[in-house]
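Asks: Return atomic coordinates for the entry below.
(2 chains)
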2 protein chains.
Amino acid sequence: MARYAVAVIGATGAVGKTIVKILEERSFPVRELRLGATARSSGQVLTFHGEPVKVQETKEELFRGIDLALFAGGDTSSEQYAWRIARNGTVVVDNSSTFRLDPRVPLVIPEINAHTLRDHQGVVANPNCSTIIMLLALVPLHRAAGVRRAVVATYQSVSGAGIAAMDALQEQLRALLPHPELLMNGASPEEIEAFAGTQSPIAFNLLFQWPIAEEGFTTEEWKMIRETQKIVGEAIPIAPTTVRVPSMVGHGIALTVELNRSLSPEEAKEILRQAEGVEVLDEPSTGRFPMPIYAAGRDPVYVGRIRRDPTVPAGLHLWVVGDNLRKGAALNAVQIAETMISMGLL
Amino acid sequence: MARYAVAVIGATGAVGKTIVKILEERSFPVRELRLGATARSSGQVLTFHGEPVKVQETKEELFRGIDLALFAGGDTSSEQYAWRIARNGTVVVDNSSTFRLDPRVPLVIPEINAHTLRDHQGVVANPNCSTIIMLLALVPLHRAAGVRRAVVATYQSVSGAGIAAMDALQEQLRALLPHPELLMNGASPEEIEAFAGTQSPIAFNLLFQWPIAEEGFTTEEWKMIRETQKIVGEAIPIAPTTVRVPSMVGHGIALTVELNRSLSPEEAKEILRQAEGVEVLDEPSTGRFPMPIYAAGRDPVYVGRIRRDPTVPAGLHLWVVGDNLRKGAALNAVQIAETMISMGLL
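Replies: Residues are numbered from 1 along each chain as shown, chains lettered A, B, ... in the order given. Purely as a prediction, here's the structure:
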């Protein structure tokens, strides 16, 4: 079997580290692994199959002879290098939002639209984390019964904002835990923020940690709306509210779906049991439902609380939880590369 | 002005303590204050206007000569005493769910349906916390433009489950904080639970902490559905998902509303600015939106992120946050009593 020279860019970040881990876990056919990061993070050493790999500063030279570059370094590094190296024959799987809506770029969840990889021009985009997790549950129902509209409320963990945000949550918790009265008695924002060491802490709180864009929607909400249309290839109206919650890894999504044709909860469960990448976990009797702390570090997207929504003719409620660093980012990126190999595109 | 002999039952709980605090803050006309709790909690001493008040075990004698009894002791004490003491002339405002749907009992949010107090038979019920917080924002829009349907996802703080749950969150956080790797790397439920000291911890997690009842909905979801109909006096279809999040005080609600008549976000803001008990906090430029840590300890229900939902003909998204112990429970109960005084019913 062919083996590949692989670069991971943004290798010291939350997604980058997870990519390296997943390449190892899945025995991805790596001939050589190069790790790139900003100058500040270069020099760090990660381990790959027991061997130390030193992180270099991301520069043009790093990509020389690279077959596959997995970008998780944010918009800047993707903008700077993706098309340049793609022209030299490197296949780029980009986790940033830079090229997701670019018509030259397939936006791929392998379980859903692997066929769009066939027309790639060297750069493939990995969708937004919440979009991936939502669509793994939504698209099988759409194919079975047609989704007319989905109202979506997210419960997104801090790891979606990177390692610094994960450290910040821990620091804020350590600072606020000895002062629970601050969280109950109407302390001013200034008092709370003095303890937490930041404006609008996420500890014990709920935030909108994304810029507000057109029409009052956050950039994250727009991603869910627009990326869905491109991935599914049809207009599925998404009505989203995206919220950051003080969990570490794993995004939760309350999904309220209006269908063209009624599905009973049992039919929906059966459809989702057959769906790739999905695990149905819906056991009222044992209290086991999809939860972030148990979905974290695992590959499937978990779906539970499947029940009829009687306020519309053919409605369903679902509760979806997935590891945003894995299926929401790193795992999906590696699966794109694996799919390209099996399709003879890499 | 008349002054009243007042009893607070469940006085050592999260809601009971807040009732005592609010009676003091609002200078409620108290002639005598008696505090009741279970045998286990009796003997504790609370302070009221600078004076110590000893908590007694709740028994029939405690209610002798009491004009107003505010119950926050859960279903058992309400079931045992409410109607018995009401027959003796005590007015009961009950925070439990026991009598909320009882046709003899007004279920009251004073800003919305104070008029139903006129027919009280001695027992008045305080609605569910999430229902109160949602309806403060929803009913003004309903009166202006008719709500056809509301899809609701809650983000409920642990204080809704009482003081023990608030202590448990803090203990779980202290236990899990030194082991962040447990929350990322696919540790088994058993491993995580060994550190957290409990099954399905709420720290860093999202839970459904209510029993699943008919049709797969939690008891909390049914409360939001059924209490809304009784309070508004009309069928407003509510499609809820209720979720517990690791915040301490303050419930968040993502509210997606379908109206009979279109309202622009500006019109909705103006309606909500005029609404009693509501404060509009919607400043994308400063990043100030309704947040639990700043709503905690305050009286208003805060509404922000007001934006059009273009997936239906006349849709709006709103984000609502209120202190579940105050307007969601204790404050609303005290306001019911104040309203009864001003209506000459007490």
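Asks: how is chain A carved up into domains?
Replies: Chain A breaks down by automatic domain parsing into domains covering A:4-126+A:329-342, A:130-157+A:206-324, A:163-196.
Asks: nearest to B:Ala235, of the ones you listed?
Replies: domain A:130-157+A:206-324 (10.0 Å; C-beta to C-beta). C-betas here are computed from N, CA, C, even on glycine.
Asks: how close does A:Ile212 sit to B:Val312?
Replies: Going from A:Ile212 to B:Val312 by C-beta to C-beta, to the nearest Å gives 21 Å.
Asks: Could you export the longest helix along chain A as CSV, keeping only the C-alpha atoms?
Replies: Secondary structure of chain A per DSSP state H: the longest helix is helix A:129-145. Output in CSV follows, covering the C-alpha atoms of helix A:129-145 (Å, rounded to 0.1, in the frame of the first residue of the first chain):
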residue,chain,number,x,y,z
CYS,A,129,-17.8,21.4,14.1
SER,A,130,-21.5,22.0,15.0
THR,A,131,-22.5,21.6,11.4
ILE,A,132,-20.8,18.2,11.1
ILE,A,133,-22.3,16.9,14.4
MET,A,134,-25.8,18.2,13.5
LEU,A,135,-25.8,16.8,9.9
LEU,A,136,-24.7,13.3,10.9
ALA,A,137,-28.1,13.1,12.7
LEU,A,138,-30.1,15.3,10.3
VAL,A,139,-29.2,14.0,6.9
PRO,A,140,-30.3,10.4,7.4
LEU,A,141,-33.7,11.7,8.5
HIS,A,142,-33.7,14.1,5.5
ARG,A,143,-33.1,11.3,3.1
ALA,A,144,-35.9,9.2,4.7
ALA,A,145,-38.6,11.8,5.1
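Asks: Packing partners of that helix?
Replies: Applying 3 or more C-beta pairs under 8 Å, 6 or more residues apart in numbering or on different chains; DSSP states H and E, one finds that helix A:129-145 contacts helix A:110-113, strand A:147-155, helix A:219-232, strand A:251-259, helix A:265-274, strand A:278-280, strand A:301-309, strand A:315-322.
Asks: With mean neighbour count, mean pLDDT and distance to chain B as extra columns, can I get the ones you listed in CSV?
Replies: CSV is the format used below for the helices and strands packed on helix A:129-145 (neighbours: other C-beta atoms under 10 Å in any protein chain shown; pLDDT from 0 to 100; distance: least, C-beta to the nearest C-beta, whole Å):
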stretch, mean neighbour count, mean pLDDT, distance to chain B
helix A:110-113, 20, 98, 20
strand A:147-155, 25, 98, 3
helix A:219-232, 21, 98, 9
strand A:251-259, 26, 98, 4
helix A:265-274, 16, 98, 7
strand A:278-280, 20, 98, 13
strand A:301-309, 25, 98, 3
strand A:315-322, 27, 98, 6
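Asks: got those as JSON lines, with distance to A:Thr98 columns?
Replies: Output for the helices and strands packed on helix A:129-145, formatted as JSON lines (distance: least, C-beta to C-beta, whole Å):
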{"stretch": "helix A:110-113", "distance to A:Thr98": "19"}
{"stretch": "strand A:147-155", "distance to A:Thr98": "22"}
{"stretch": "helix A:219-232", "distance to A:Thr98": "12"}
{"stretch": "strand A:251-259", "distance to A:Thr98": "21"}
{"stretch": "helix A:265-274", "distance to A:Thr98": "32"}
{"stretch": "strand A:278-280", "distance to A:Thr98": "29"}
{"stretch": "strand A:301-309", "distance to A:Thr98": "25"}
{"stretch": "strand A:315-322", "distance to A:Thr98": "23"}
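Asks: Nearest to B:Pro300 among the ones you listed would be which one?
Replies: Here strand A:147-155 is closest among the helices and strands packed on helix A:129-145 (C-beta to C-beta), at 22.4 Å.
Asks: Kindly report the residues of the stretch 51-200 of chain A close to chain B.
Replies: For the stretch 51-200 of chain A, the contact set with chain B under C-beta under 8 Å from any C-beta of the partner chain comprises A:149, A:151, A:153, A:155, A:159, A:166, A:170, A:173-174, A:177, A:180, A:183-187, A:189, A:192, A:199-200.
Asks: Now with 6 Å, please.
Replies: A:149, A:151, A:153, A:155, A:173, A:183-186, A:189, A:192 (C-beta under 6 Å from any C-beta of the partner chain).
Asks: picking up where we left off before, which one of the helices and strands packed on helix A:129-145 lies nearest to B:Pro292?
Replies: Of these, nearest to B:Pro292 by C-beta to C-beta is strand A:147-155, at 13.4 Å.
Asks: Show the subsequent helix or strand relative to that closest one.
Replies: Using DSSP states H and E, the helix or strand that directly follows strand A:147-155 along the chain is helix A:163-176.
Asks: helices or strands up against that following helix?
Replies: Packing partners of helix A:163-176 (3 or more C-beta pairs under 6 Å, 6 or more residues apart in numbering or on different chains; DSSP states H and E): helix A:189-196.
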